[in-house]
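>>> Based on what follows, work out the 3D shape:
(one chain, ligands or ions: 1)
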Amino acid sequence: MEVKVQLLGFGNVGRAVARVLIEKKAFFKRRYGLTFRVVSISDRSGTVWLPEGIDLREALLIKENFGKLSAWTNDYEVYNFSPREAVREMDADLVVDVTNDKNAWEWHLEALREGKGIITSNKPPLAFHYGELIGEAEHSDLPYLFEATVMAGTPVIGILRENLLGDTVKRIRAVLNATTTFILSRMEQGVDFERALRQAQELGIAERDPSGDILGIDAGYKATILHCVAFGPITYDEIVVRGITEVTAGEVERALVRGKRIRLVATVEEGNVRVSPEEVSGPLAVSSNENVAVIETDLLGELVIKGAGAGLKETASGVVSDMVKAALGLTGA
Ligand SMILES: NC(=O)c1ccc[n+]([C@@H]2O[C@H](COP(=O)([O-])OP(=O)(O)OC[C@H]3O[C@@H](n4cnc5c(N)ncnc54)[C@H](OP(=O)(O)O)[C@@H]3O)[C@@H](O)[C@H]2O)c1
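Below is the predicted model of the structure:
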């Protein structure tokens, strides 16, 4: 079966997804009988649209050499569509949103109303509009999948949404932001907060504007999404978030003396989500790029899921897995 895909966003994750689609084309065909035909790609400069399918290698070359898709004028038409127009105007089965557009929920709804399934790695639409979006997807009987929004490709969403269906989740405790883990780990080695943050930026782990990570906003979005999946809708505005900016070298050191580490921990219980730095030991004391979630349920007890929490290949793993899942759902497989 051939599945027509609109790719919105051609930044780090969008290009990583394109690379997987190129490299594993034969695998998808052999293993699932699936061919993904990317009919449009959008960045903020414009939308390239070719119903017969875009050459992804060329798209990568253009974006990597010229920085914008609108530079691609010889072979393809570049349209000046807003995302809303793009999802309305073009024929496709799936819309893959790998933008950082905070207002993307509006065009997610539009796409669902147009009969298109959604796959996304973009957190704010879910952290603020989960109920509406899932309601529309269920009403339209279309996939709305978002594995890569939390813990990159580590399938915590899949476990909560598709497994444990007879369990009652009691609580989730999780470390969901790798940048803060990096900074706190550096502080354990005697580096002060400012220098640890600068190192994270130099290594490309933290963004130039690091506030989303260090203030706990990113972890807060993810914790909100976990609550939505495990317990039902809640919005980011209803949760309590404290970042790591006030953590001192002394606190980190005193925790270490007690055999503990300070990590930015999300605690998710029904109707109650908080994110704050806490002293932890055991599975929550992750280091490096890893994220971890400890899911407590009535029947299974404690389930620990640990794996990559960021990275491009790792995030593409979550996005592409959702694309396959959605495509197989469309075929009724
Ligand atoms: N990087 C990770 O490890 C990771 C992990 C999990 C989730 N995510 C999420 O995945 C998304 C993408 O991340 P990223 O690292 O790829 O970000 P990025 O490199 O900044 O890419 C964002 C892309 O979205 C495009 N874009 C933004 N608004 C748009 C709009 N209204 N219409 C069309 N295109 C638009 C940008 O266009 P221009 O190229 O023209 O700027 C860019 O191509 C974000 O929501 C991020 O939070 C990232």
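>>> what's the spacing between the closest residue to residue 294 other than its chain neighbours and the ligand?
Excluding the flanking residues, the one nearest residue 294 by CB to CB, 6 or more residues apart in numbering is residue 173, at 4.8 Å. Where you see a C-beta, it was placed from the backbone N, CA and C, and this is true even at glycine. Counting by CB to the nearest ligand atom, to the nearest Å, the gap between residue 173 and the ligand amounts to 20 Å.
>>> residues contacting residue 173?
265-268, 284, 293-294, 296 (CB atoms under 8 Å, 6 or more residues apart in numbering).
>>> What are the contacting residues of stretch 288-307?
Residues outside stretch 288-307 that contact it (CB under 8 Å, 6+ apart): 151-156, 159-160, 164, 166-178, 181-182, 185, 226, 230, 283-284, 286, 308-311, 314.
>>> What subset of these is buried?
Neighbour counting by 16 or more other CB atoms under 10 Å classes 151-156, 159-160, 164, 167, 169, 172-178, 181-182, 185, 226, 230, 283-284, 286, 308-311, 314 among those as buried.
>>> Can you list which of those are found in strands?
Among these, the ones falling in strands (DSSP state E) are 169, 172-175, 308.
>>> Format those residues as CSV; extra columns: pLDDT.
CSV is the format used below for those (pLDDT from 0 to 100):
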residue, pLDDT
169, 98
172, 98
173, 98
174, 98
175, 98
308, 88
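>>> Whichever helix or strand residue 7 is part of - which strands sit beside it in the sheet, and in what orientation?
Per DSSP states H and E: residue 7 is located in strand 2-8. Note on strand 2-8: by DSSP bridges, its sheet partners are strand 35-43 (parallel), strand 94-97 (parallel).
>>> do the longest one and the ligand meet?
It refers to strand 35-43. Yes. Using CB under 6 Å from any ligand atom, we find that strand 35-43 touches the ligand at 42-43.
>>> before we move on, back to that, ok and the next helix or strand after the strand holding residue 7 relative to strand 2-8, angle-wise?
For strand 2-8, the succeeding helix or strand toward the C-terminus, using DSSP H and E, is helix 12-23. Relative orientation of helix 12-23 versus strand 2-8 (axes from the mean of the first three to the mean of the last three CA atoms, to 10 degrees): 160 degrees.
>>> Please list all residues in contact with residue 314.
Applying CB under 8 Å, 6+ apart to residue 314 gives the contacts 152-154, 307-308.
>>> I'd like to know which of those is nearest to the ligand.
Of all those, the ligand sits closest to residue 152, with 5.2 Å by CB to the nearest ligand atom.
>>> Please report the distance of the closest one from residue 15.
Separation of residue 152 from residue 15 (CB to CB, to the nearest Å): 15 Å.
>>> returning to that earlier point: out of the contacts of residue 173, flag the one nearest to residue 81.
residue 266 (36.7 Å; CB to CB).
>>> Could you give the bridge partners of that closest one?
The partner residues for residue 266, given DSSP bridges, come to residue 174, residue 275.
>>> got the residues of the chain near the ligand?
8-14, 42-45, 68, 83, 98-101, 121-123, 148, 152, 310-312, 315.
>>> Show me how the record splits the chain into domains.
When the chain is parsed with automatic domain parsing, its domains come out as 2-151+313-331, 160-309.
>>> What is the end-to-end distance of the shortest one?
Right, the one you point to is domain 160-309. The straight-line separation of the ends of domain 160-309 (CA to CA, to the nearest Å) is 17 Å.
>>> how far does it sit from the chain's center?
Put simply, domain 160-309 sits 15 Å off its chain's centre (CA atoms, centre = their mean, to the nearest Å).
>>> picking that back up, identify, out of the strands paired with strand 2-8, the most deeply packed stretch.
Highest mean neighbour count among the strands paired with strand 2-8 (mean count of other CB atoms under 10 Å): strand 94-97, with a mean of 26.
>>> What is the neighbour count of the residue lying closest to residue 233 once chain neighbours are set aside?
In space, and not counting its chain neighbours, residue 233 is closest to residue 131: 3.7 Å by CB to CB, 6+ apart. Residues lying near residue 131 (other CB atoms under 10 Å) number 13.
>>> for whichever helix or strand residue 131 is part of, packing partners?
Here residue 131 sits within helix 123-140, counting by DSSP H and E. Helix 123-140 sits against helix 104-113, strand 117-120, strand 144-145, helix 217-230, with contacts defined as 3 or more CB pairs under 8 Å, 6 or more residues apart in numbering; DSSP states H and E.
>>> tell me the angle the longest one makes with helix 123-140.
Think helix 217-230. Calculated by the same axes, to 10 degrees, helix 217-230 forms an angle of 20 degrees with helix 123-140.
>>> Return the member of the contacts of residue 314 nearest to residue 30.
The nearest one, if we look at the contacts of residue 314 relative to residue 30 and count by CB to CB, is residue 153, at 21.0 Å.
>>> Check the burial of the residue of the chain found nearest the ligand by counting its neighbours.
Distance from the ligand to each residue of the chain (CB to the nearest ligand atom) is smallest for residue 11, at 1.8 Å. When counting by other CB under 10 Å, one arrives at 14 neighbours for residue 11.
>>> For it, give me the backbone phi and psi.
phi -90, psi -150 (degrees, to the nearest 10).
>>> which stretches of the stretch 201-333 of the chain aren't confidently modelled?
Residues of the stretch 201-333 of the chain that meet the criterion pLDDT under 70 lie in 331-333.
>>> Cheers, nothing more for now.
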